[in-house]
Structures are given as structure tokens and as C-alpha cells.
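Student: I'll drop the sequence and a predicted model, then ask my questions.
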Amino acid sequence: MDHHVLGISGGKDSAALALYMQINHPELDIQYFFTDTGKELPEVYEFLDLLEARLGKKILRLTTFKTFDYYLKMFNNYLPSPQTRWCTRMMKLRPFQEWIKPWLDNGEDVYSYVAIRADEPHRTGLTQQHPHLHVTLPFREEGIKKPDVKEILENSGIGLPKYYEWRSRSGCTFCFFQQKIEWVHLLERHPEAFDEAMHYEKDALEHGSPFTWTQGEPLQELKKPQRIIQIKQEFEKRKQRELARRRKNPLRDGLEDLSIDDIYDADEGNGACIVCAK
Ligand code: SF4
């Protein structure tokens with residue numbers, strides 16, 4: 001027996017892929033799943049509900065049944081970071097692997113559809129780890145790019161997830177892939193989540209963790225009013241630079257749909273996680 005699975009991250013690309021597959025491959029009985037760390041943004045759950053209603057199908061919620069606090073202790077109170085991404089390994093990948101393991105052990109084939117677009121040549125999916133696990137990249141194979149993803153979501157009536165107004169990536173409230181401006185936005189929109197992140201960080205530093213959530217700057221410092229003004233000014237400069245670049249080439253990039261994702265500073269945000277952010 002074959003199994004077809006598609007991981008929904010709460011972000012735009014995986015949501016668009018789910019809709020795309022439903023329209024273009026109705027013959028496949030795809031099981032949608034979301035791996036829940038228990039630290040997701042409320043906007044992510046709202047978006048999942050909308051998508052579920054549009055698909056007319058349940059999005060299975062997978063968890064490890066162990067909390068972030070449990071794993072934090074297990075990793076000696078070291079915060080996860082781009083160098084030691086235990087959060088993704090333990091809380092995003094493991095539940096998926098455990099879910100499909102009985103099928104693979106039974107010799108059944110699992111087809112996993114991953115939302116890597118044709119305009120993301122640098123990204124790779126979860127590599128084939130088992131002869132019966134087949135990772136497929138329909139967007140890349142069929143030339144689907146970022147504007148197409150937006151169109152799919154708009155045509156479906158869902159639109160982009162709400163958090164794109166202030167954040168470039170989905171995932172945990174305290175994800176270390178955030179840029180500094182996104183931490184400021186988290187403080188303004190979800191102060192309780194910011195406080196929780198600050199608490200984890202303080203505890204981790206006291207236990208000798210070498211990592212802070214955002215490179216070289218504890219959240220205690222980042223939340224100071226003067227620092228916030230500075231971060232906002234730096235972000236505005238980046239935005240103006242990107243707009244100026246686009247004005248030179250308006251046909252290619254467009255001016256009207258500039259989002260925080262388009263101004264993502266990889267040095268500050270450290271890139272992105274393929275499992276969490278898509
Ligand atoms: S969203 Fe960020 S913090 Fe959460 S599991 Fe993914 S990489 Fe880790």
C-alpha cells in the first residue's frame with residue numbers, strides 16, 4: 001500500500017502546495033500533517049483552521065508528547081540554535097519519522113510532498129533516508145515560483161497567513177531564525193511570548209548556555225526603548241534600499257507586494273529551517 005503525506009508548516013508555501021495537489025492531483029489520497037511543538041504562534045493555528053476548512057480534510061496534529069521544557073533540560077538547558085538545532089530534530093522531524101515508521105517497516109511506500117519552489121535552487125528537502133520513503137518536490141518540478149504561490153492562496157480565498165504582516169517565517173514564537181525586527185514585533189504583538197522567551201534565555205545563560213536567541217544580544221538588551229528605535233530605523237533603511245532596487249527593475253519584482261520576507265537579512269536571522277518555515 002502507498003501512503004501520500006504532506007507536511008503543513010503554517011507557512012504560505014506548504015499551504016499552497018496542499019491546495020495545488022488537491023486541484024491537480026485529486027486521485028491522490030494525501031494525508032496532511034502538522035508537527036506541533038506547543039510553542040507556535042496563535043496565528044499559525046488560525047491559519048491551519050482556515051486551510052482545513054478549505055481542504056475539507058483534517059490536518060493531523062503530530063506531537064512528541066514531550067514538551068519543549070523536557071528537551072531543554074535534556075540538552076542541559078542549552079537553547080536551540082542554528083548550530084545545534086535540537087528543536088527541529090526532536091520536535092519536528094522525530095514525530096514525523098515515528099508516524100511513518102510502521103509503514104516503512106512493513107515495506108509500504110511513503111511519498112512525502114515538500115514545498116520547495118522552483119525559485120529556491122539553494123534549498124534541499126529532507127533527504128531520502130529509507131528506500132521506501134520518496135521525497136517529492138512538485139513545485140520545483142512544475143516550475144511554481146513565489147508569485148504563483150501567492151496566486152494559489154488568493155484564488156483559494158485564504159490569502160497569506162496573518163503573521164506575514166510582521167514576521168517572515170512561521171514556527172515557534174521564539175525561533176532563533178527571526179531577525180531583530182521580528183523580535184521587536186513579537187514584543188509588541190505577543191508580549192507574553194516575548195517574556196517567556198526572555199525567561200528561557202535567562203535560565204539558559206545562568207546554566208552556561210553559549211547561545212542567546214538572537215546573535216550576540218540577550219532579549220533584555222534588545223527590548224530597551226532606545227535599542228528598539230535603532231532596530232526599527234535599521235529595518236526601515238533596508239526596506240528603502242530594497243524599494244530603490246525594485247524601482248530600477250519594477251517589471252521583475254513589483255513594488256506593491258514588498259513583504260518582511262523580501263527584506264529578510266540572512267546574517268541577522270541566520271537563514272531558515274526547511275521543516276518549520278515552509
Ligand atoms: S521554528 Fe525555529 S525554534 Fe521552532 S523547531 Fe523550527 S527551528 Fe526550532
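Tutor: Right, received. Where do you want to start? Numbers count the residues shown, from 1 in each chain.
Student: What's the local residue count around the closest residue to the ligand within the stretch 51-200 of the chain?
Tutor: Across the stretch 51-200 of the chain, the shortest distance to the ligand (C-beta to the nearest ligand atom) belongs to G171, at 2.5 Å. The way it works is simple: take the backbone N, C-alpha and C, and place the C-beta from them, glycine included. Applying other C-beta atoms under 10 Å, we find 27 residues neighbouring G171.
Student: try R89
Tutor: The tally of other residues near R89 (other C-beta under 10 Å) stands at 14.
Student: cool, F65 as well?
Tutor: The burial metric for F65, expressed as a neighbour count using other C-beta under 10 Å, is 8.
Student: for R61, what are its contacts?
Tutor: Counting by C-beta atoms under 8 Å, 6 or more residues apart in numbering, R61 touches F33, F34, D36.
Student: Give me the three-state assignment for the second one.
Tutor: For F34, the assignment made with DSSP: H, G, I helix; E, B strand; the rest coil gives strand.
Student: in the sheet, who's paired with it?
Tutor: Residues found in beta-bridge contact with F34 (criterion: DSSP bridges) are R61.
Student: I figured the residue of the stretch 51-200 of the chain closest to the ligand was touching F177, is that so?
Tutor: Yes. G171 is within contact range of F177, at 7.1 Å (criterion: C-beta atoms under 8 Å).
Student: List the buried residues in the host helix or strand of Q226.
Tutor: Using DSSP states H and E, Q226 maps to helix 225-248. Of the residues in helix 225-248, I228, I231, F235, R238, R246 count as buried by neighbour count, 16 or more other C-beta atoms under 10 Å.
Student: Show me the strands in the protein, by range?
Tutor: Ranges of strands within the chain are 2-7, 30-35, 59-62, 109-113, 133-136, based on DSSP state E.
Student: before we move on, back to that, if you rank the contacts of R61 by neighbours, which is first?
Tutor: Using other C-beta under 10 Å as the neighbour definition, the contacts of R61 reach their maximum at F34, which records 22 neighbours.
Student: Surely that residue touches L62?
Tutor: Yes. When contacts are counted by C-beta under 8 Å, F34 is listed as touching L62 (7.0 Å).
Student: picking that back up, reformat the strands of the chain into a markdown table and put distance to the ligand and mean pLDDT next to each item.
Tutor: Compiled in a markdown table, the strands of the chain are given as follows (distance: least, C-beta to the nearest ligand atom, whole Å; pLDDT from 0 to 100):
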| stretch | distance to the ligand | mean pLDDT |
| --- | --- | --- |
| strand 2-7 | 12 | 97 |
| strand 30-35 | 9 | 97 |
| strand 59-62 | 13 | 96 |
| strand 109-113 | 18 | 97 |
| strand 133-136 | 19 | 94 |
